[in-house]
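Visitor: Sharing a model that was predicted from the sequence below.
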Amino acid sequence: MTLLSERFGEGSFKKRKNGKRTMKRILISFLVGSSLLGASASSLLAQTSNTLKIYTAIEIEYPTEISKSYELQGAVDLSNWTPIGNPVLGHGRSVTQIYSTRSGDAVPFAAYRLYIKDGPTNGFTPWSLSGARVLTDNRSSTNSVEYLTNDHGQDNYSGALDKFSYQFSRLTDNSAGVDRSFTPDRRESIRYAYTGPGVGTWVREEYRQGTLERRILGVFRYLADTTNSVPGVTNLPVAITTAQPPAPPTVVTGLVYYVHSGSRPDELQFKTGTTGIEMPTPAVGGDENKVEVSPGGNTFTYAYKVLSSNTASLIVNFGYYGFGGDKNEYDLSYTDGPSGSFVRRIYRLGALYSTDTGVFSPFVQPPPSPTNTSNPAATNPPPATPVGLTYTVQDDTLPPRLVFRTTNSGIEFDDSAPSDFTYSYLATGPNAVHMVVQFKADRWDEYDLTFTNGIHGNSVRRQFKKGQLDRTTSGTFDVAASRL
């Protein structure tokens with residue numbers, strides 16, 4: 001196999017004493033020789049038996065630097081580059097990725113390159129845990145996880161220390177992963193989901209002899225005076241706060257709860273006093289495959305009631321495809337301010353289906369980064385194009401979510417089956433947009449949107465059926481990056 005390295009932009013290479021080359025900056029590309037990887041798997045199997053199969057593959061390995069973002073890209077003609085997989089946020093260790101022809105097809109790309117840029121500067125996740133003391137046990141403030149350096153720490157059980165080595169990875173703007181090793185046959189994997197500065201939910205998977213022994217969930221809070229001031233890192237500093245007494249909110253309208261019962265949480269967005277949307281959180285490598293939330297989210301109605309100084313009841317009703325969906329009954333127990341644990345009863349087709357437990361914490365939207373151009377909140381004018389964005393409209397109906405996938409098409413999610421549409425999008429003023437969403441020749445919606453900033457505003461919707469105006473509603477709308 002022939003690999004050719006090329007220089008892009010200001011990128012350059014220098015030789016080490018051992019003769020190896022290292023990347024200095026920006027881009028590296030590799031041209032894959034078609035004599036090997038361009039061949040299909042079937043041609044390589046011509047001389048093998050029915051039980052022996054051999055596939056070609058390419059393995060990519062590259063070093064990473066804290067505060068940088070790395071994206072592998074592929075191309076057939078060295079001009080149209082396509083992102084491969086999810087971007088990797090640098091953690092100071094090497095990353096290895098393997099791509100094979102196991103499907104029986106030829107390798108789809110003739111060349112690969114690594115695109116390097118500054119990492120995201122918004123979000124609550126730090127780039128390092130060095131110096132942090134994290135409370136993960138609400139029963140005692142003396143039980144904490146202490147990250148002493150960039151790779152060593154200890155569990156402090158009221159003075160009894162259990163030491164470990166660890167590797168930390170910033171996975172997304174608001175989530176992080178920690179792999180901890182205590183002994184050769186005892187390790188743990190922790191996922192932190194940040195819902196605010198220095199607070200959030202966690203899930204810990206404990207392994208013994210290479211086998212998953214148990215999974216534990218909880219709410220965390222930073223207790224030590226620490227910052228994430230790693231050189232070159234500019235995301236928000238970690239805020240250190242003390243544990244708070246239980247405080248159920250009087251109402252949850254306008255709040256977002258992270259509900260954590262599996263390997264990753266779901267978002268419950270309470271849009272009005274009775275309606276909301278359950279949104280999936282981004283999947284990261286290693287997450288469980290079972291996902292019950294549609295890409296555009298699931299709408300729901302709900303009833304919330306405070307029962308005591310530290311408990312509340314939340315009943316969430318979903319409606320899938322126009323008929324009765326699941327009903328989730330939550331018994332909420334507040335343990336740390338507006339965060340805590342829950343018992344959930346899931347009813348399906350009117351009967352109790354299952355009962356589970358978990359933790360929850362309200363999500364606070366971090367301020368946008370001025371350098372993050374993919375975040376519509378970073379600008380005040382209306383988006384010039386809705387491609388890649390989701391518009392959620394709040395009026396007197398269950399909130400429709402318009403997901404704009406291309407320059408002229410998208411998909412609408414509401415309480416019925418998802419609906420494909422074509423659309424037109426026209427600015428009618430410095431903060432106004434007229435939008436026509438066409439479902440069929442005789443059925444469409446017309447929107448007049450008045451933006452109060454880049455992601456919020458007021459809406460008037462006229463719904464047409466059989467070519468005639470059926471009804472007019474007014475309300476508000478929100479804009480967010482799509483998660484499809």
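Guide: Sure thing, it's come through.
Visitor: burial count for the residue lying closest to F109 once chain neighbours are set aside?
Guide: Leaving aside its sequence neighbours, F109 sits nearest to G74 (Cβ to Cβ, 6 or more residues apart in numbering; 3.2 Å). Where you see a C-beta, it was placed from the backbone N, CA and C, and this is true even at glycine. Neighbour count for G74, taken as other Cβ atoms under 10 Å: 21.
Visitor: for G74, phi and psi?
Guide: Phi and psi for G74, reported as degrees, to the nearest 10, are phi -130, psi 150.
Visitor: Please tell me how far it sits from G319.
Guide: Distance from G74 to G319, counting by Cβ to Cβ, to the nearest Å: 41 Å.
Visitor: ok so, going back, and the residue nearest to F109, what are its bridge partners?
Guide: T82, Y112 (DSSP bridges).
Visitor: List the residues that contact it.
Guide: W81, T82, I84, P108, F109, A111, Y112, R113 (Cβ atoms under 8 Å, 6 or more residues apart in numbering).
Visitor: Now for the fifth one: which residues touch it?
Guide: Read it as F109. By Cβ under 8 Å, 6+ apart, the neighbours of F109 are V32, G74, A75, V76, T82, I84.
Visitor: List the contacts of the closest residue in space to the last one that isn't next to it in sequence.
Guide: In space, not counting the residues next to it along the chain, I84 is nearest to L72; the distance is 4.6 Å by Cβ to Cβ, 6+ apart. The neighbourhood of L72, defined by Cβ under 8 Å, 6+ apart, consists of I60, P83, I84, G85, Q97, Y112, R113, L114, Y115.
Visitor: Check which helix or strand the first one maps to.
Guide: I60 belongs to strand 57-62 when elements are defined using DSSP states H and E.
Visitor: what mean pLDDT does that strand have?
Guide: Mean pLDDT, strand 57-62: 83.
Visitor: what angle sits between the host helix or strand of P87 and strand 57-62?
Guide: Per DSSP H and E: P87 is located in strand 82-89. If you take axes from the mean of the first three to the mean of the last three Cα atoms, to 10 degrees, strand 82-89 sits at 40 degrees to strand 57-62.
Visitor: Contacts made by strand 82-89 with the rest, please.
Guide: In contact with strand 82-89 (Cβ under 8 Å, 6+ apart) are residues 64, 68-75, 95, 97, 99, 109, 112, 119-120, 169-172, 284-285.
Visitor: Give the buried residues for the helix or strand that that strand is followed by.
Guide: Once the chain leaves strand 82-89, the next helix or strand it forms, by DSSP H and E, is strand 95-100. Neighbour counts over strand 95-100 (16 or more other Cβ atoms under 10 Å) mark V95, Y99 as buried.
Visitor: Does anything pack onto strand 95-100? Which helices or strands?
Guide: strand 57-62, strand 82-89 (3 or more Cβ pairs under 8 Å, 6 or more residues apart in numbering; DSSP states H and E).
Visitor: what's the offset of the shortest one from the middle of its chain?
Guide: What that stands for is strand 57-62. Centroid displacement of strand 57-62 relative to its chain, using Cα atoms, centre = their mean, to the nearest Å, is 25 Å.
Visitor: And the longest one, by the same measure?
Guide: Relative to the centre of its chain, strand 82-89 is centred 14 Å away, using Cα atoms, centre = their mean.
Visitor: Highest mean neighbour count across the helices and strands packed on strand 95-100, which stretch is it?
Guide: strand 82-89 (a mean of 15; mean count of other Cβ atoms under 10 Å).
Visitor: Could I get the contacting residues of the residue lying closest to F318 once chain neighbours are set aside?
Guide: Leaving aside its chain neighbours, F318 sits nearest to G325 (3.6 Å; criterion: Cβ to Cβ, 6+ apart). G325 makes contact with N298, N317, F318, G319, according to Cβ under 8 Å, 6+ apart.
Visitor: So what pairs up with the third one in the strands?
Guide: In this structure, F318 has the following beta-bridge partners (DSSP bridges): F300.
Visitor: how close does it sit to T299?
Guide: 7 Å.
Visitor: Among the two, which residue is more densely surrounded?
Guide: Between F318 and T299, counted using other Cβ under 10 Å, the more crowded position is T299 (27 against 17).
Visitor: in terms of contact, does that one touch M279 like I think?
Guide: No: assessed by Cβ atoms under 8 Å, T299 is found out of contact with M279, at 10.5 Å.
Visitor: any idea how far R264 lies from Q167?
Guide: 19 Å.
Visitor: Tell me which of those two has more neighbours.
Guide: Taking neighbours as other Cβ under 10 Å, R264 and Q167 compare with R264 leading, 22 against 14.
Visitor: Nearest residue to D470 in space, please, no chain neighbours.
Guide: Q463 (4.9 Å).
Visitor: what's the neighbour count on that neighbour?
Guide: The burial count for Q463: 15, using other Cβ under 10 Å.
Visitor: In whichever helix or strand it is part of, which residues are buried?
Guide: Counting by DSSP H and E, the element that carries Q463 is strand 456-465. Buried residues in strand 456-465, counted by 16+ other Cβ under 10 Å: G457, S459, R461, F464.
Visitor: Give me the helices and strands touching it, please.
Guide: By 3+ Cβ pairs under 8 Å, 6+ apart, strand 456-465 packs against strand 443-451, strand 468-481.
Visitor: among the ones you listed, which is nearest G210?
Guide: strand 468-481 (38.3 Å; Cβ to Cβ).
Visitor: by how many degrees do that closest one and strand 443-451 diverge?
Guide: Going by the same axes, to 10 degrees, strand 468-481 makes 50 degrees with strand 443-451.
Visitor: tell me which residues in strand 468-481 are buried?
Guide: Quick answer for strand 468-481 (16+ other Cβ under 10 Å): T476, F477, D478, V479, A480.
Visitor: Stretch 250-257 now?
Guide: Applying 16+ other Cβ under 10 Å to stretch 250-257 flags V252, L255, V256, Y257 as buried.
Visitor: Tell me the one of these nearest A441?
Guide: Nearest member of the buried residues of stretch 250-257 to A441, counting by Cβ to Cβ, is V256, at 38.4 Å.
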